[in-house]
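A.B. asks: when you get a sec, could you give me coordinates for this:
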Amino acid sequence: MRDLTTRVAEHNDPASKQHRIDKAEAADRRKTKWRPAGWDPSPAVVRKAGNRVVDGVFRSPSKGFCFLMRPAGARIVQGTDYVSAASARAKQLSRYKRIRKRDGKERTDYGRYKSGLASIITTLPPWAMRTLEKVSESKLEFLLLALAEEQAREGKRISGRSMFSGAVHQDTAVLHFHTDWEKVDPATKFAHPKSNFLSAGPWLVGADRINRTFPGLLSDWEEKRLGEHLKRKDEQHLIDVQLSRRLDRVLEEWIRFEGLEREFEKEKKEYKEKKKKEQKTRSEEKWIEAALDDFAKRGVWRLAYQTMTLAAWRMIPRELRGPVILAIRATQVIRNPNMMTAMKAAMALAQIAQLQHEQPEYIKHMKPPKLY
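C.D. replies: Sure, this is the predicted structure:
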């Protein structure tokens, strides 16, 4: 969940330049997997992304569309009209009133939000992508607008908030919605309670969706974690979880009505088998990473890693060790430019130490450089 700024609205428009830039940056990030910087002194290591299950890759001639909610229902609009209308609404609803208790008395408080609209993402189930690809473009468009209206009704029932606008993205792995919700009641200018509009996050939504569709597919630990989170976070007001449940129910009813149930069940079966295979592979990779990955060199694995490194180093001929070290250092600097600063500082400190040993009178007033 995030505030609907003009920048966010431009991303939501699937035909905009900003959306193309964001997609290109996301594709570039997925090519490699970086260890988070700052929690380990060693330089970042680049690894190719593992063999994970891609949750559907939706193929569509259309990039998607934007819509505005009207009393008669969702209506498709041009991307520029969507951006201007949503940005204006976010500004219009940025000021709010709220009742607070002070000194035992109820008082009206006034404040201002950065944006009067909150934007959230909801997805269709990944195992429905192949089935929906077989639907004609006009029929799919009708279905997606109907699903947007279903979300608006469900969100209103749960939180009292109204959906103002949104967008559908079809040029993606999994077809999804960006929906924009009012933080303030337009009639009274009172802010809607935040406790009725909570965000669970993508892991919880996905785990809940898998657990309901494929009981027993989650591991015991994942199922336990899911239950604890749903209980602690007030399941009834987790807006993205509840909207996803509603989407799944309505979509399955529509698939049965259209006679696409056989294809849908086949795709669900294939997804379940892929997920089982992925879970098995992932559990094996954890043991390998625990033994070899540099961020896991702790305890008994530290000794095993050092022994392996020493044995591998001894196998390199002496005349090649210098070039190998240079190649390693060059790679580290390329991947982590800050390491060059650290290496220069280390060399400067070594020079100062040598000068201090040879000429103590000359060097005693020099200060070592700062380490950044």
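A.B. asks: ok, the nearest residue to residue 115 once chain neighbours are set aside - contacts?
C.D. replies: Leaving aside its chain neighbours, residue 115 sits nearest to residue 3 (3.8 Å; criterion: C-beta to C-beta, 6 or more residues apart in numbering). Bear in mind the C-beta positions are built from the backbone N, C-alpha and C, glycine included. Contact criterion C-beta atoms under 8 Å, 6 or more residues apart in numbering gives 90, 113, 114, 115, 117, 118, 119 as the residues in contact with residue 3.
A.B. asks: okay, and the beta partners of the fifth one?
C.D. replies: Each beta-bridge partner of residue 117 is listed here, defined by DSSP bridges: residue 182.
A.B. asks: pretty sure it contacts residue 89?
C.D. replies: Yes. With contact defined as C-beta atoms under 8 Å, residue 117 reaches residue 89; the gap is 6.0 Å.
A.B. asks: the more surrounded of those two?
C.D. replies: More crowded of residue 117 and residue 89, by other C-beta atoms under 10 Å: residue 117, with 28 against 21.
A.B. asks: touching, residue 234 and residue 195? I think so.
C.D. replies: Yes. The pair residue 234 and residue 195 qualifies as a contact (C-beta under 8 Å) at a distance of 7.4 Å.
A.B. asks: higher neighbour count, the two?
C.D. replies: residue 234 (12 against 9).
A.B. asks: per-residue confidence at that one?
C.D. replies: At residue 234, the predicted lDDT confidence score is 84.
A.B. asks: OK, contacts around it?
C.D. replies: 195, 198.
A.B. asks: who touches both of residue 117 and residue 89?
C.D. replies: 164, 165, 180, 182.
A.B. asks: quick one, phi/psi of the residue nearest to residue 115?
C.D. replies: phi -70, psi 140 (degrees, to the nearest 10).
A.B. asks: you'd agree residue 172 is in a strand?
C.D. replies: No. Per DSSP: H, G, I helix; E, B strand; the rest coil, residue 172 lies outside any strand segment and is coil.
A.B. asks: tally of neighbours for residue 211?
C.D. replies: With other C-beta under 10 Å as criterion, residue 211 counts 17.
A.B. asks: I meant residue 103, not that one.
C.D. replies: 5.
A.B. asks: so how far is residue 109 from it?
C.D. replies: 13 Å (C-beta to C-beta, to the nearest Å).
A.B. asks: show the pLDDT at the spatially most central residue of the chain.
C.D. replies: Of all residues in the chain, the one closest to the mean position by C-alpha atoms, centre = their mean is residue 202, 6.8 Å from it. The model reports residue 202 with a pLDDT of 87.
A.B. asks: before we move on, what about residue 161?
C.D. replies: 92.
A.B. asks: wait, what's in contact with it?
C.D. replies: 155, 181, 182, 183, 192, 196, 197.
A.B. asks: do a quick rundown of the helices in the stretch 151-300 of the chain.
C.D. replies: In the stretch 151-300 of the chain, the segments counted as helices under DSSP state H, counting those that start in this stretch are 202-213, 220-232, 239-258, 261-292, 300-314.
A.B. asks: report the rounded mean pLDDT for the strand or helix carrying residue 67.
C.D. replies: Under the criterion of DSSP states H and E, residue 67 resides in strand 64-70. For strand 64-70, mean pLDDT is 92.
A.B. asks: and what of stretch 165-174?
C.D. replies: The pLDDT scores in stretch 165-174 average 89.
A.B. asks: pretty sure residue 223 sits against residue 210.
C.D. replies: No. Using C-beta under 8 Å, residue 223 is not in contact with residue 210, being 9.9 Å away.
A.B. asks: of those two, give the one with the bigger neighbour count.
C.D. replies: Neighbours per residue, other C-beta under 10 Å: of residue 223 and residue 210, the larger number sits with residue 210, 21 against 16.
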